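> Sharing a sequence plus its predicted fold:
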Amino acid sequence: MNLNSDLNTNYIQEAQTKLVMPSFSAFEATLLGSILLSCTWFGMMYFTAVVMMPGFAAVLSDKEFLVSFKAIDNIFQQMPFLVALPCMGSLLIVTTATFLGNKERKKGNVSVRLNLLYAALALYISGFITTGVFNITLNNQLQSMDLENMSDDELYDERLAFEAPW
C-alpha cells in the first residue's frame, strides 16, 4: 500500500509541475470576453432574424403575429438583464479591449487584432444605434397598440409596417 501511495503522490506532483496555466494579458482577456459576448448577442439576433421572424410569418395570422411578438417583447422588457448582459456587456468589453489594445500599440505591440477591433467596434456601435433607433421604436409602437380592437385591415397594415423593417 505504501508503494501505491508513493506512486500516486509522485504522479500528482509530476503532473502539477508539468501543468502550465496559460497567462493572458488584460488585452487578451478582454479580447476573449468580447468575442464570447459578441457571439452570444449575434446568435440571439441571428435566431430572431433567420428563424423566429420567418417562422412566425409562415404560420401566424396578422393578429397572431403581432400578439406573439408583443408577448416576446414584454418578456425582454420584464427581464432586461437577459438582453443587457450580451448586448451592453459586449459593447462595453469590445470598447475596453480596443482601449487596452491602444495601450499595447503604444508599447510597440502592433497587431492585426487591434485593427480588427476597430472595425468590430465601429460595426457594433452602428448596429447598436440602428437597433435603438429602429427596432426598439418599432417594438414600443407595437406595445402601445390595442390589437384586440383593430380591424383585419388595420392589423394587416400594422403587420406590414412592423415586419418589413424588423
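Good, I have the coordinates.
> OK, contacts around residue 117?
31, 34, 94, 97, 98, 101 (CB atoms under 8 Å, 6 or more residues apart in numbering). From N, CA and C alone the C-beta is placed, and that goes for glycine too.
> any chance of those residues in TSV, with pLDDT too?
Below are the contacts of residue 117 laid out as TSV (pLDDT from 0 to 100):
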residue	pLDDT
31	84
34	86
94	88
97	88
98	88
101	85
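> buried sites along stretch 50-62?
56, 62 (16 or more other CB atoms under 10 Å).
> what is the rounded mean pLDDT of that stretch?
Per-residue pLDDT over stretch 50-62 has a mean of 93.
> Stretch 151-159 too?
Throughout stretch 151-159, pLDDT has a mean value of 96.
> Distance-wise, check residue 76 relative to residue 92.
19 Å (CB to CB, to the nearest Å).
> got it, and residue 85?
10 Å.
> Next: residue 65.
Counting by CB to CB, the gap from residue 65 to residue 92 is 34 Å.
> Same question for residue 100.
Separation of residue 100 from residue 92 (CB to CB): 12 Å.
> ok, the two, which is more surrounded?
residue 100 (19 against 14; other CB atoms under 10 Å).
> correct me, but residue 152 touches residue 158?
No - checked against CB atoms under 8 Å, the pair residue 152 and residue 158 is beyond contact range at 10.8 Å.
> Neighbour count: these two, which is higher?
The residue with more neighbours, out of residue 152 and residue 158, is residue 158; 19 against 10, by other CB under 10 Å.
> Now do the same contact list for that one.
62, 66, 142, 145, 150.
> can you pull the buried residues of the helix or strand hosting residue 142?
Per DSSP states H and E: residue 142 is located in helix 136-143. If you call a residue buried by 16+ other CB under 10 Å, then helix 136-143 has these buried ones: 138, 139, 142.
> by how many degrees do the helix or strand just after that helix and helix 136-143 diverge?
Later in the chain than helix 136-143, the nearest helix or strand by DSSP H and E is helix 152-163. On the basis of axes from the mean of the first three to the mean of the last three CA atoms, to 10 degrees, helix 152-163 is oriented at 160 degrees to helix 136-143.
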